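Chemist: All I have is the shape, not the residue letters:
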């Protein structure tokens, strides 16, 4: 079974062969005598084949030395092996678990339950979404860009103001008491 890196190297080798073939097909266009063209074509083909074979044999050898395919599969599929940001491969010591329960399940983080949405919260969300729809309708053009003098800050402020007024109208909050501006 070939590893992913072997498949990539094979694809690169085929691509290099295609490029060499295109390069050789350009030789007939050269303004030189026919005898020179045939010598160039034969010499270029042999030289390209030698260079390509040598290069890709070396690359395959290095890839196998760095990480042989059979050990790569074992490392990749082992849940207790991980690689840090520096490229260092480390082993996690599995926690002793209860019989019958895999240690991978014991280390899984607890899933938080979604917060319960109360009736009051649903009403507030509905009021706020309606307020933002209205504010966006007033502050934006049909193409979605802002009208003159409007920006996202102004639209949000208008929506919050409308939301507060609606909540006061429905009795969900009290009107704030105004402080007098007179100095004592």
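Modeler: Nice, thanks for sending it over. Here the structure is a predicted model, which means the values were calculated and not measured.

Chemist: Okay, buried residues for the helix ranked longest in the chain please.
Modeler: Secondary structure of the chain per DSSP state H: the longest helix is helix 34-66. Neighbour-count burial for helix 34-66 flags 48, 56, 63 (criterion: 16 or more other C-beta atoms under 10 Å). Just so you know, the C-beta spots here come from the backbone N, C-alpha and C atoms, and that holds for glycine as well.

Chemist: do stretch 113-129 as well
Modeler: Quick answer for stretch 113-129 (16+ other C-beta under 10 Å): 124, 127, 128.

Chemist: if we can go back for a sec, out of the buried residues of helix 34-66, which one has the weakest pLDDT?
Modeler: Confidence by pLDDT is poorest for residue 63 among the buried residues of helix 34-66, given 73.

Chemist: Distance-wise, check that one relative to residue 165.
Modeler: Separation of residue 63 from residue 165 (C-beta to C-beta, to the nearest Å) stands at 69 Å.

Chemist: next one: residue 34
Modeler: Applying C-beta to C-beta to residue 34 and residue 165 gives a distance of 92 Å.

Chemist: for the protein, what helix or strand is lowest in average pLDDT?
Modeler: Counting by mean pLDDT, DSSP states H and E, the weakest-scoring helix or strand in the chain turns out to be helix 103-106, with a mean of 54.

Chemist: returning to what we had before: distance from the longest helix of the chain to the middle of the chain?
Modeler: 38 Å (C-alpha atoms, centre = their mean, to the nearest Å).

Chemist: Who are the packing partners of that helix?
Modeler: With contacts defined as 3 or more C-beta pairs under 8 Å, 6 or more residues apart in numbering; DSSP states H and E, the packing partners of helix 34-66 are helix 4-25.

Chemist: picking that back up, just the angle for the longest helix of the chain relative to helix 4-25, thanks.
Modeler: 170 degrees (axes from the mean of the first three to the mean of the last three C-alpha atoms, to 10 degrees).

Chemist: what about the residue nearest the centre of the chain, which SS state?
Modeler: In the chain, the centroid-proximal residue (C-alpha atoms, centre = their mean) is residue 85; its distance is 17.0 Å. Assigned state for residue 85: coil (three-state reduction, DSSP: H, G, I helix; E, B strand; the rest coil).

Chemist: In contact with it, which residues are there?
Modeler: Under the criterion of C-beta atoms under 8 Å, 6 or more residues apart in numbering, residue 85 has no neighbours.

Chemist: for the chain, which spans come out with low pLDDT?
Modeler: Applying pLDDT under 70 to the chain flags residues 1-3, 64-76, 87, 94-109, 183-184.
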